[in-house]
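Asks: sequence-free structure coming up:
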């Protein structure tokens, strides 16, 4: 049995981070591509598959160099970036002599989050729930030791199957309660496939299921929600001021950045948690000046779309 510290004992910064997570302007940088999605991210960045061996150390060395450049850039600061979501290998590594999570908070005032899921199970009842996480407790202990504030876990909804959506939401909240018990804040991510012809209908069912699950949380149990940009403007507005929701964030879900920003800017109180949309114009071959200029424009556009109305 692994025992976890209470949030206040875990790190003095926790309360400050929680206050920022609730109220500060900014958005989350999703830097959490794991083994399966890394080659695609590297190709987008201009690094060919021949430059590393997929799944081996060389691949993680290359992705960490890419992440390090993003994080150490002068464009990347806590003034506009509220938090950054890492995957385990990035958390295990260092940036300029500090652990990645320590560097994020101490040098950039960016709140560190950790992706904890092990990928998606095969589709059943129109959804893909998360694969089992047999080493979750060990990972949460390591996250605590690294000063991680919160976690993120993703599952995907493809059709308007109420039973499937219920099972998916139940799993998200069940694991979320374990994260809370470990002294961290979970980001629950029940993604809606933006290509689904039933997207709007799915979102109606999903909101109903999430609201019901929020009502069942205990007195000091709070979550963050990461949801696909909705088909109906302000569909998720009830979550913004919900007492059990620390913050409502949006995934870009495959929309190009300009389109994602346009939709996001119409959602009151919802902020971005973008991955591809954040890094889509960055390239390995750019000079530092070119890189920082393009990156700054990307960050500024997402920040403005996330800013409270």
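Replies: Yep, that arrived. For clarity, every value in this text was computed on a predicted model and none was experimentally measured. Numbers count the residues shown, from 1 in each chain.
Asks: Would you map the strands across the stretch 101-250 of the chain?
Replies: 111-115, 127-128, 150-157, 185-192, 223-228, 245-251 (DSSP state E, counting those that start in this stretch).
Asks: in its sheet, what does the third one sit against?
Replies: Put plainly, it is strand 150-157. Next to strand 150-157 in the sheet, as set by DSSP bridges, lie strand 111-115 (parallel), strand 127-128 (antiparallel), strand 185-192 (parallel).
Asks: Most tightly packed of those?
Replies: Mean neighbour counts were taken over the strands paired with strand 150-157 using mean count of other CB atoms under 10 Å, and the top value, a mean of 27, falls to strand 111-115. In this view, the C-beta of every residue, glycine as well, is placed from N, C-alpha and C.
Asks: quick one: average confidence on it?
Replies: Along strand 111-115, the predicted confidence averages to a pLDDT of 98.
Asks: The stretch 201-309 of the chain: helices as residue ranges?
Replies: 237-240, 257-264, 276-279, 288-306 (DSSP state H, counting those that start in this stretch).
Asks: can you list the ones you listed in CSV and add mean pLDDT?
Replies: Formatted as CSV, the entries for the helices of the stretch 201-309 of the chain read as follows, by pLDDT from 0 to 100:
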stretch, mean pLDDT
helix 237-240, 98
helix 257-264, 96
helix 276-279, 90
helix 288-306, 97
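Asks: circling back to that earlier point, can I get the strands paired with strand 150-157 in CSV including distance to residue 179?
Replies: Rendered in CSV, the data for the strands paired with strand 150-157 read as follows (distance: least, CB to CB, whole Å):
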stretch, distance to residue 179
strand 111-115, 10
strand 127-128, 20
strand 185-192, 4
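Asks: thinking again about what came up before, right, so of the helices of the stretch 201-309 of the chain, which gets closest to residue 22?
Replies: Shortest separation from residue 22 across the helices of the stretch 201-309 of the chain is recorded for helix 237-240, at 11.1 Å, computed as CB to CB.
Asks: Summarise which helices and strands that closest one is packed against.
Replies: helix 199-215, strand 245-251 (3 or more CB pairs under 8 Å, 6 or more residues apart in numbering; DSSP states H and E).
Asks: Can you add distance to residue 29 and mean pLDDT and give the ones you listed back as CSV?
Replies: Output for the helices and strands packed on helix 237-240, formatted as CSV (distance: least, CB to CB, whole Å; pLDDT from 0 to 100):
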stretch, distance to residue 29, mean pLDDT
helix 199-215, 24, 98
strand 245-251, 11, 98
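Asks: Residue 193: which of these is closest?
Replies: When the helices and strands packed on helix 237-240 are compared for distance to residue 193 using CB to CB, the nearest one is helix 199-215, at 7.2 Å.
Asks: can you give me how far that closest one is from the chain middle?
Replies: When distances are taken as CA atoms, centre = their mean, to the nearest Å, helix 199-215 is centred 20 Å away from the chain's centroid.
Asks: Please apply the same query to stretch 19-30.
Replies: Averaging C-alpha positions (CA atoms, centre = their mean) puts stretch 19-30 11 Å from its chain's average.
Asks: Can we start the residue count at 307 from this point?
Replies: OK, 307 is where the count begins now, so the last one is stretch 325-336.
Asks: what's the first-to-last distance across it?
Replies: End-to-end distance of stretch 325-336: 20 Å, with CA to CA, to the nearest Å as the criterion.
Asks: Contacts for that stretch, please.
Replies: 376, 382, 384-391, 416-417, 419, 455-456, 458, 491, 530, 552-553, 555, 557, 577-581, 584, 608-609, 612-614 (CB atoms under 8 Å, 6 or more residues apart in numbering).
Asks: Only the buried members of these: can you turn that into a PyMOL selection?
Replies: In PyMOL, a selection of the buried entries from the contacts of stretch 325-336 looks like this (16 or more other CB atoms under 10 Å):
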select buried, resi 376+382+384+386+387+388+389+390+391+416+417+419+455+456+458+491+530+552+553+555+557+577+578+579+580+581+584+608+609+612
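Asks: Could you report the distance from residue 503 to residue 464?
Replies: Computed with CB to CB, to the nearest Å, the distance linking residue 503 and residue 464 is 10 Å.
Asks: Neighbour count for the two, which is higher?
Replies: residue 464 (19 against 10; other CB atoms under 10 Å).
Asks: Verify the stated contact: that one with residue 429.
Replies: Yes - contact status for residue 464 versus residue 429: in contact at 6.4 Å, counting by CB atoms under 8 Å.
Asks: and the nearest residue to residue 467 once chain neighbours are set aside, how many residues sit next to it?
Replies: The shortest distance from residue 467 to any non-neighbouring residue, by CB to CB, 6 or more residues apart in numbering, is to residue 432 (3.6 Å). Other residues near residue 432 number 20, with proximity taken as other CB under 10 Å.
Asks: quick one: contacts for residue 432?
Replies: The neighbours of residue 432, taking CB under 8 Å, 6+ apart as the test, are 463, 464, 465, 466, 467, 470, 471.
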